[in-house]
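S.K.: sequence and computational prediction follow.
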Amino acid sequence: MMVDLFTKNFWLAIGTWVVLYGLDYGLTLVGAKLYRSRGSKHYSFSEGYELNPVFKEDIARLRVFSFRFFLLLIFSSGLLAILYSANFPPAFVLAWGALVGVQLSILHRHIRNLALFYPAHDSGGISGRIEIKHWLSLRLAGVESLYFCGLFLFLYLLTGSLFMLGAAAGCFSLGLRAVLDSRKNRRLATKSEAKS
């Protein structure tokens, strides 16, 4: 099985994780630049392009180097190293699956955004202007993550792979957090609008 290749080769697993995590940050920067230069003609995100509050400032300033990014990369890679060295492969596979599964769902969102913003500059297939409230962006991201959770859970039921179960758990956690943050953000926005 393909997962065995990664569980028996720690550096391959870590390398895959580092590449996917790096792609996430890199494509976020590309998407933010494309949104500013092309997509903002038709789209407006009320609280900026980035949904993750940890990276909001770095992405808003289009920082290529993010200290927070490297800190989280080292932390998550260290966690994987600890699980791997504990010589308990199921824990490592579940954790690695959760991290990789989340990144795959996020990379899907980045690719969709790039495909959407690129033709927006010359209004290719797009007309009018849409303002998307932050709570709705969070909800859409949450629904997408929950969709991937269902997909990975289905693949787990077909294959029995702990990697797929970890991917499903990671996407469920991310999706649930985004949906809950969306509800909280909507309540705060509603209260703020009512006061003004």
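M.R.: That came in fine, so what should we check first?
S.K.: strands of this structure, residue ranges please.
M.R.: When assigned using DSSP state E, the strands of the chain occupy the ranges 43-45, 130-132.
S.K.: now do the helices in this protein.
M.R.: 2-7, 10-37, 56-60, 67-85, 89-117, 134-159, 162-195 (DSSP state H).
S.K.: so which of these is nearest residue 46?
M.R.: For the helices of the chain, the distance to residue 46 is smallest for helix 134-159, at 5.0 Å, taking Cβ to Cβ. The C-beta positions use only the backbone N, C-alpha and C, and glycine is treated the same way.
S.K.: output the contacting helices and strands for the closest one.
M.R.: Helix 134-159 is packed against helix 89-117, helix 162-195, with contacts defined by 3 or more Cβ pairs under 8 Å, 6 or more residues apart in numbering; DSSP states H and E.
S.K.: hang on, the earlier thing: for residue 45, which of the helices of the chain is the nearest?
M.R.: With Cβ to Cβ as the criterion, residue 45 lies closest to helix 134-159 of the helices of the chain, at 6.2 Å.
S.K.: got the angle between that closest one and helix 162-195?
M.R.: Orientation note: helix 134-159 sits at an angle of 160 degrees relative to helix 162-195 (axes from the mean of the first three to the mean of the last three Cα atoms, to 10 degrees).
S.K.: quick revisit: could the strands of the chain go into a markdown table alongside mean neighbour count, distance to residue 105 and mean pLDDT?
M.R.: Supplementary listing: the strands of the chain in a markdown table, determined by neighbours: other Cβ atoms under 10 Å; distance: least, Cβ to Cβ, whole Å; pLDDT from 0 to 100:
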| stretch | mean neighbour count | distance to residue 105 | mean pLDDT |
| --- | --- | --- | --- |
| strand 43-45 | 17 | 19 | 81 |
| strand 130-132 | 10 | 19 | 85 |
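S.K.: turn those into a markdown table, columns for distance to residue 152.
M.R.: Shown next, in a markdown table, are these (distance: least, Cβ to Cβ, whole Å):
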| stretch | distance to residue 152 |
| --- | --- |
| strand 43-45 | 28 |
| strand 130-132 | 27 |
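S.K.: quick one, which of those is nearest to residue 91?
M.R.: Going by Cβ to Cβ, the one of those nearest residue 91 is strand 43-45, 37.8 Å.
S.K.: residues making contact with that closest one?
M.R.: Residues outside strand 43-45 that contact it (Cβ atoms under 8 Å, 6 or more residues apart in numbering) are 35, 117, 120, 129, 130, 131, 132, 134, 137.
S.K.: which regions of this protein lie under the pLDDT threshold?
M.R.: For the chain, residues meeting the criterion pLDDT under 70 lie at 1, 38-39, 121, 123-124, 194, 196.
S.K.: got the contact list for the residue nearest to residue 93 when sequence neighbours are not counted?
M.R.: Among residues not flanking residue 93 along the chain, residue 162 sits closest, at 4.4 Å (Cβ to Cβ, 6 or more residues apart in numbering). Applying Cβ under 8 Å, 6+ apart to residue 162 gives the contacts 3, 90, 93, 94, 97.
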